[in-house]
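[1] need a structure here:
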Amino acid sequence: MISTFPSTSSFNHSQIRLEIRSLQSQLVQWRRQLHQHPELGFTEVLTSQFIAQKLQEWGINHQTGIAKTGIVATIESHQPGPVLAIRADMDALPIQEENDVPYRSVHEGIMHACGHDGHTAIALGTAYYLSQHRQDFRGTVKLIFQPAEEGPGGAKPMIEQGALKNPDVDTIIGLHLWNNLPLGTVGVRTGALMAAVECFRCHIQGKGGHGAMPHQTVDSVVIAAQIINALQTIVARNVSPLDSAVVTVGEVHAGTALNVIADSAKMSGTVRYFNPTFEGYFSQRLEEIIGGICQSHRAKYELNYWRLYPPVINNAKIAELVRSVALEVVETPIGVVPECQTMGGEDMSFFLQEVPGCYFFLGSANPDKGLAYPHHHPRFDFDETVLGVGVEMFVRCVEKFCNKN
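    Numbering: from 1, shown residues only. Purely as a prediction, here's the structure:
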């Protein structure tokens with residue numbers, strides 16, 4: 001558990017308007033309903049039905065079935081103006097929940113271990129509030145409920161199926177509940193917030209034999225070990241120290257017995273970086289290094305390399321808008337955290353490649369309540385007070401952006 005945070009018990013709720021505070025019990029109820037019934041990417045059928053039912057009850061126009069289970073809701077004000085999109089992901093993870101809570105997942109092996117249930121509840125609360133206060137902003141707000149952020153990625157197919165069109169979106173914002181920050185903080189920065197995600201699998205084919213007669217073999221384990229070590233030189237000796245990047249081999253499989261030299265070895269891993277100019281670079285270097293080492297040992301190899309998500313790059317103007325709102329909403333001694341980058345990835349990046357926008361972190365941990373386990377942990381949970389904070393953040397962003405543009 002994280003235990004380095006200051007106490008969040010002094011968080012000041014005075015900047016959250018009364019109507020949003022009165023929604024808190026509903027926000028918690030929606031979040032817990034979603035938490036109890038988690039669904040994996042592109043199978044969020046119950047989740048999508050739940051969202052659509054609420055939108056219909058509130059008289060909000062919406063389109064379902066985008067990228068299988070995605071939904072786009074449209075709220076028009078009483079005056080013409082810009083179009084702002086708010087994105088919320090809604091899928092869960094293949095993790096067995098270990099929390100002993102009344103709203104524990106009822107789906108074996110699946111849980112909301114990353115806060116997407118909270119994202120959806122916040123977006124629903126925002127939709128409800130804005131639908132009741134159309135006179136308070138100009139233009140149009142589109143709420144994008146996206147499937148499959150955890151993989152294989154629902155943002156790109158939603159874009160391809162017109163989520164940012166009719167009407168055309170001018171800018172987009174989104175948030176991620178973040179247990180790396182305490183309740184009462186907001187992490188927002190201009191430029192790269194989250195890393196590109198690229199993946200690889202490699203199959204090395206050598207020649208097996210007796211462990212006591214290595215001269216008769218081509219040892220795939222020795223080759224794999226050399227490759228793993230050599231891959232670390234990409235960041236250490238090919239990437240500028242002023243840039244950040246990671247090459248991780250997370251999986252290795254070889255061999256069947258202690259006295260047998262394995263004829264083949266398999267490994268897989270991930271590559272992360274912030275600088276978009278690195279696109280294509282790491283795949284080339286992996287090919288060169290793996291190819292060179294295998295050639296020197298007279299081994300064969302197959303390398304499968306693919307790009308999952310580009311880096312999340314925030315627009316300076318929209319990031320400043322979010323930062324100004326955060327300074328109004330959170331009043332703890334920590335407040336706004338500017339240096340909040342992570343090598344984690346997010347397919348919000350595809351939306352940000354299409355239109356200017358900002359993705360930000362909303363602190364959700366509360367160690368005082370035992371709510372500080374990291375994301376993707378089987379005991380992940382967050383302080384639900386953050387739900388109202390999220391709605392207030394989104395609503396103020398809408399009012400500031402739509403009334404000034």
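[2] Following element in sequence after the helix or strand of the chain with the lowest mean pLDDT, please.
    Lowest on mean pLDDT, DSSP states H and E among the helices and strands of the chain sits strand 336-337, with a mean of 94. Toward the C-terminal end, the helix or strand that comes next after strand 336-337 (DSSP states H and E) is helix 348-354.
[3] For whichever helix or strand comes after that next one, which strands pair with it and how are they oriented?
    Toward the C-terminus, helix 348-354 is succeeded by strand 357-365 as the next helix or strand (DSSP H and E). Sheet partners assigned to strand 357-365 using DSSP bridges are listed as strand 171-182 (parallel), strand 186-187 (antiparallel).
[4] Save these as a markdown table, and put in distance to Val249 too.
    Glycine gets a C-beta too; all of them are placed from N, C-alpha and C. Converted to a markdown table, the strands paired with strand 357-365 look like this (distance: least, C-beta to C-beta, whole Å):
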| stretch | distance to Val249 |
| --- | --- |
| strand 171-182 | 25 |
| strand 186-187 | 29 |
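[5] Could you double-check that Leu23 sits in contact with Val389?
    No: applying C-beta atoms under 8 Å as the test, Leu23 and Val389 come out as separate, 11.8 Å apart.
[6] Name the residue in these two with the higher neighbour count.
    Val389 (28 against 22; other C-beta atoms under 10 Å).
[7] From Pro38, how far off is that one?
    Applying C-beta to C-beta, to the nearest Å, the value for Val389 to Pro38 is 23 Å.
[8] domains for the chain, by residue range?
    With domains defined by automatic domain parsing, the chain comprises 18-194+312-404, 196-309.
[9] For Ile318, see how far away the nearest residue to Gly345 once chain neighbours are set aside is.
    Closest residue in space to Gly345, ignoring its immediate chain neighbours: Val197 at 3.4 Å, by C-beta to C-beta, 6 or more residues apart in numbering. According to C-beta to C-beta, Val197 stands 23 Å off from Ile318.
[10] Pull the residues that contact the helix or strand containing Val249.
    Counting by DSSP H and E, the element that carries Val249 is strand 245-254. With contact meaning C-beta atoms under 8 Å, 6 or more residues apart in numbering, strand 245-254 is reached by 195, 220-221, 224, 228, 231-232, 234-235, 239, 262, 264-275, 278, 282, 343.
[11] Out of the residues you listed, which sit inside strands?
    Taking DSSP state E as the definition of strands, these contribute Ser264, Ala265, Lys266, Met267, Ser268, Gly269, Thr270, Val271, Arg272, Tyr273.
[12] coming back round to it: identify each buried residue in the strand holding Val249, please.
    For strand 245-254, the neighbour count (16 or more other C-beta atoms under 10 Å) marks Ala245, Val246, Val247, Val249, Val252, Ala254 as buried.
[13] I'd like these laid out as JSON lines, including distance to Ala88.
    Below are the buried residues of strand 245-254 laid out as JSON lines (distance: C-beta to C-beta, whole Å):
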{"residue": "Ala245", "distance to Ala88": "30"}
{"residue": "Val246", "distance to Ala88": "28"}
{"residue": "Val247", "distance to Ala88": "32"}
{"residue": "Val249", "distance to Ala88": "34"}
{"residue": "Val252", "distance to Ala88": "37"}
{"residue": "Ala254", "distance to Ala88": "42"}
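[14] need the contact list for the residue nearest to Ala148 when sequence neighbours are not counted.
    Nearest residue to Ala148, sequence neighbours excluded (C-beta to C-beta, 6+ apart): Gly41, at 3.0 Å. By C-beta under 8 Å, 6+ apart, the contact set of Gly41 is Asp91, Pro147, Ala148, Glu149, Glu150, Gly151, Pro152, Gly154.
[15] in the protein, which spans are helices?
    18-21, 24-36, 45-57, 116-132, 155-160, 220-233, 281-296, 316-329, 348-354, 386-404 (DSSP state H).
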